[in-house]
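> Here you go, sequence then predicted model.
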There are 4 protein chains.
Amino acid sequence: MDIQAIIDDISTALRPRLGEGSVASYIPQLAKVDPKQLGIAITTVEGETFVSGDADIAFSIQSVSKVFTLTLALGKAGETIWKRVGREPSGSAFNSIVQLEQEHGVPRNPFINAGAIVVTDMVLSGHQPREAIGEILRFLRYLADDETISIDEAVAASEQETGYRNRALANFMRGFGNLEHPVDHVLGVYFHQCALSMTCRQLARAGLFLANHGRDAMTGHSVVSPRRARRINALMLTCGHYDGSGDFAYHVGLPGKSGVGGGIMAIAPGKASIAVWSPGLNKVGNSLLGAEALEMLAARTGWSVFGA
Amino acid sequence: MDIQAIIDDISTALRPRLGEGSVASYIPQLAKVDPKQLGIAITTVEGETFVSGDADIAFSIQSVSKVFTLTLALGKAGETIWKRVGREPSGSAFNSIVQLEQEHGVPRNPFINAGAIVVTDMVLSGHQPREAIGEILRFLRYLADDETISIDEAVAASEQETGYRNRALANFMRGFGNLEHPVDHVLGVYFHQCALSMTCRQLARAGLFLANHGRDAMTGHSVVSPRRARRINALMLTCGHYDGSGDFAYHVGLPGKSGVGGGIMAIAPGKASIAVWSPGLNKVGNSLLGAEALEMLAARTGWSVFGA
Amino acid sequence: MDIQAIIDDISTALRPRLGEGSVASYIPQLAKVDPKQLGIAITTVEGETFVSGDADIAFSIQSVSKVFTLTLALGKAGETIWKRVGREPSGSAFNSIVQLEQEHGVPRNPFINAGAIVVTDMVLSGHQPREAIGEILRFLRYLADDETISIDEAVAASEQETGYRNRALANFMRGFGNLEHPVDHVLGVYFHQCALSMTCRQLARAGLFLANHGRDAMTGHSVVSPRRARRINALMLTCGHYDGSGDFAYHVGLPGKSGVGGGIMAIAPGKASIAVWSPGLNKVGNSLLGAEALEMLAARTGWSVFGA
Amino acid sequence: MDIQAIIDDISTALRPRLGEGSVASYIPQLAKVDPKQLGIAITTVEGETFVSGDADIAFSIQSVSKVFTLTLALGKAGETIWKRVGREPSGSAFNSIVQLEQEHGVPRNPFINAGAIVVTDMVLSGHQPREAIGEILRFLRYLADDETISIDEAVAASEQETGYRNRALANFMRGFGNLEHPVDHVLGVYFHQCALSMTCRQLARAGLFLANHGRDAMTGHSVVSPRRARRINALMLTCGHYDGSGDFAYHVGLPGKSGVGGGIMAIAPGKASIAVWSPGLNKVGNSLLGAEALEMLAARTGWSVFGA
């Protein structure tokens, strides 16, 4: 299978549609990004990397970071984390607060904002925000094997200033006793992890362990157990695209996690880690062309987990 | 891999726990079933069948039938069905009406009751209830290659008498114009399809096409296209267990559909179709030991779609 | 105070606006009514009657009937009825089902559809629908002292055919065990009570007991105790206009009950019973000009319960 | 009518039940209050004052303050305030956030927490928090004609530290653009107004204008227009007791506003202003014995707005 040809075909096919969808506007820094970009990167479990389009331009990974902080939290607290956050699709928007009230401050899953804020609280675990931010950054650099990965402070500051909804969610959960640290500490870390700036190449590389039974296929390092890798993949498939998760599974058939920066990381278990990026979003907040690129990729490669 | 040994081990391991969970009580006929039963059947894409425990005792497949009526509706109306029913996990109970009001009579997915009722309306498509029931029954007999499959009229009558909630859902959707046939016709068919009586052996056989790219691995008949098989599997994974779908994906990692009769059909794409049955339900209405059996099976076989 | 002059002024002032709002369209029979009509009738506790405009044209009183069936149910079962229906404003539309699910089949108050259906079930209390309908009709004729009051069978039949939402509500509550009689019996009575056809003159007369401490000011008959009259008035004020009850209290300041036929009955305790009718509805389903007429009336008479 | 005898009777009748209900626990300072207290004060439009029980012990008026800040906001912005807050009963708890999400940041009414926070934002209107707090305090001293009224800084500080839910509400609304000032400023004022410390005697005196067509019956000063007084009374009746407003209207029949400190201010339009206080709360957060005292008072005096 000629992966390079496949992703080049996809890039070419989608090029005329660059700019479709709408760039996230509620974070001022993100609203400035040129929407006419599309990058694709694939890292296989054999250690090969394929890129196409704007795969080496850094973007704000936003909620894709939730997969990595979940991995960290599971490493710290294991399966006990599920006392404080659920594992079910939410059936509502990424920043909905309704469910939180009905379920007494326990978010539905770790990939909606409320759930990720709880996970961030777990990663803090008694440390200062600065240390936790450092730990997350080091973890991503380690996974991507790339020390140049950084956090975009302008994006983090932009979210700090405008993140009223996230501040509402955090205070709400704190009121239910489901945050242990001060709201400002938790959100400080949360906004910084969302502001991680990475390229498709780096992101595909960072997710490789999830495609390879928990083990970094290049270094041979074990990041998580095979079972945990499967479980994180399962969560991405059922909950990774907010209220568009069912649709993504239907059309693409791969575990994936999207971010409002336009990035999506997808995992073909046993085969490859994939990152796509295009800033224009569909109406549920996922990259419109990114999802289409993944649908085409899954169709061409037969990588859908639901059958070739 | 010795599948027979694996499922015998599982049967043996779970035998001491027979009777855990609670048998569905809201359908009087189901409440009479002896809870201390467990059956497992597997049909592989190579055409082999393995059974263990009570795999040849017929039970009421209930909501497992929703997979087959969805398949029929897709065959009749194709992708246009998605104008009348969604593809997203619901985030609420199998018989919730809240979402229906908020989303103007369009159910979240075809595997919650409201969605399956709309699908049944599509299967009716102008016919009399008797004909539609006949068509569904013939389809199951064809898929399972077994003319002895029947509908338990006592169960169907029991649901007719007590199915107030389903009658509420149907009238509600009819009020929104999302049912084309009279409510009594649609529910008549719906209650009969739920009352299909099948053994694990028959059910595993009937699902084989979903494990084999849409084609019956034994007869070679094409039931649906490979893409449609993938999509049905995707829907089962994200929506097949009501508000326990995320949990099932997390623990089992296979597309599956449960019924309150205690049956679960699960698909290992490219490998096998599986049916388990044990009447005791967990608190979200899925077979407690059935789900555990599948978790053990996935762990032993490495069949999880999320990685071995 | 020259009541006749006041209501004539109001009629004249509103005449140019006749036709504003939209006539209820979901009941075909109601959609046929000429919207350019406005009637006002007032019966004082001194026994005087004043009418203006179309006060002698019969209209479908629809939900205004809920006040009278509540009175009947309280007479039969007393304060025990509050085990099956609440006394709080609903904060949602007249036919919402969301609250019913969250509160396990107990409607918020007797003036939303679900609550009135439960009240109708109480009025049935073991009788056949025909008898209950007869009892309700006799009660209205007695209160209005007018044997010509009748039920519009065409309207009742129209609702029977199209009342899917009410059928959903009734089945839903029956599923929770909050209806004792068959759904068809309860709805049969419910649709007939809504189809009561009365003029403003008759309706104002029928409500007189509520303005006069529970006693018919003309005949001297005691209909309910003074305390019960106060309590029914209180329910009308807090719950009488669905999700527009707060607004009605704010602008008019009188206990009142509206119907989608365009009628409103309002009570000035210790002073008068008032009926207005104009078919055009505002967006929450209450008579637009009827509410305006009452606001003008309250302003001119100083009858608001909240201070002159 | 011997008002003094009536309230002494009520005090005596309720004395054996002192301590029923539960003292608000979520504000640590309030949890310390001795629950075995009951005070009643009445100021009539003729200028007479009657007190009984613990009517001269200061308590935290909490949400009763919302009536006064609403009066201030109406004075500043008039009826334009209704663009930012509704006038309908909420049908949910005093601190619910669900409705806010569904209605895009516009609270249901000015007497639930979210609505009062918006009203406080209006009172701020460009000023510093200190000035707004001063204005509110001066307004209460003016209305009660008592310069000794103060704010309990310990209570205000206690709420600042623990008010996560209110902070969530405020951030949520700010995210929808429905707060103009910084969240910390608005909440600073809000927590201080809730911490107003007043006696029943002072509170009854402060509410007198609402019983007397907007005019202070003792000084003759016009506080608001008669129409505005009626409208504030209407809001108290439909929305003044959170999700117990219907029940309060049913049993008491007077406009009233409760606070979690155990105080209730009630208005008998054209007759008297009433304040009761007893710290034990019922399950919807209103003073249990306070409400009972008012029910007895209304029954004895015939002051119910719904008829004698």
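Everything's here; your move.

> Got the confidence number for whichever residue of the stretch 1-150 of chain A sits closest to chain B?
Proximity to chain B, evaluated over the stretch 1-150 of chain A using CB to the nearest CB, is greatest for residue A:91 at 2.4 Å. No exception for glycine: its C-beta is placed from N, CA and C like everyone else's. If you check residue A:91, the pLDDT there is 75.

> Specify the local secondary structure of the residue nearest to residue A:305 when sequence neighbours are not counted.
Closest residue to residue A:305 apart from its sequence neighbours, by CB to CB, 6 or more residues apart in numbering or on different chains: residue B:305 at 3.8 Å. Per DSSP: H, G, I helix; E, B strand; the rest coil, the local secondary structure of residue B:305 is coil.

> Next, the contact list for residue B:305, please.
Residues near residue B:305 by CB atoms under 8 Å, 6 or more residues apart in numbering or on different chains: A:269, A:305-306, B:237, B:253-255, B:268-269.

> swap in residue A:227?
Here residue A:227 is in contact with A:214, B:299 (CB under 8 Å, 6+ apart).

> Nearest to residue D:200 among the contacts of residue B:305?
residue B:237 (62.7 Å; CB to CB).

> where does chain A dip in pLDDT?
A:93-95 (pLDDT under 70).

> Up against chain D, what does the stretch 101-250 of chain A have?
Along the stretch 101-250 of chain A, the residues adjacent to chain D under the rule CB under 8 Å from any CB of the partner chain are A:101-102, A:164-165, A:167-172, A:174-175, A:183.

> what about the residue lying closest to the residue of the stretch 1-150 of chain A closest to chain B once chain neighbours are set aside, neighbour count?
For residue A:91, ignoring the flanking residues on the chain, the nearest one in space by CB to CB, 6+ apart is residue B:91 at 2.4 Å. Here the number of neighbours of residue B:91 (other CB atoms under 10 Å in any protein chain shown) works out to 23.

> any idea which helix or strand carries the nearest residue to residue A:81 once chain neighbours are set aside?
Leaving aside its chain neighbours, residue A:81 sits nearest to residue A:73 (5.5 Å; criterion: CB to CB, 6+ apart). In this assignment (DSSP states H and E), residue A:73 forms part of helix A:65-77.

> Show me how far that helix is from its chain's centre.
Centroid displacement of helix A:65-77 relative to its chain, using CA atoms, centre = their mean, to the nearest Å, is 12 Å.

> I figured residue A:114 hits residue A:173, correct?
Yes. When contacts are counted by CB atoms under 8 Å, residue A:114 is listed as touching residue A:173 (6.4 Å).

> So for those two, which residues contact both of them?
A:100, A:107.

> picking that back up, compile the residues of the stretch 101-250 of chain A next to chain D into JSON lines and extend it with columns for distance to chain C and secondary structure.
Conversion of those to JSON lines gives the following (distance: CB to the nearest CB, whole Å; DSSP: H, G, I helix; E, B strand; the rest coil):
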{"residue": "A:101", "distance to chain C": "12", "secondary structure": "helix"}
{"residue": "A:102", "distance to chain C": "8", "secondary structure": "helix"}
{"residue": "A:164", "distance to chain C": "24", "secondary structure": "helix"}
{"residue": "A:165", "distance to chain C": "23", "secondary structure": "helix"}
{"residue": "A:167", "distance to chain C": "26", "secondary structure": "helix"}
{"residue": "A:168", "distance to chain C": "21", "secondary structure": "helix"}
{"residue": "A:169", "distance to chain C": "22", "secondary structure": "helix"}
{"residue": "A:170", "distance to chain C": "26", "secondary structure": "helix"}
{"residue": "A:171", "distance to chain C": "24", "secondary structure": "helix"}
{"residue": "A:172", "distance to chain C": "19", "secondary structure": "helix"}
{"residue": "A:174", "distance to chain C": "25", "secondary structure": "helix"}
{"residue": "A:175", "distance to chain C": "21", "secondary structure": "helix"}
{"residue": "A:183", "distance to chain C": "29", "secondary structure": "helix"}
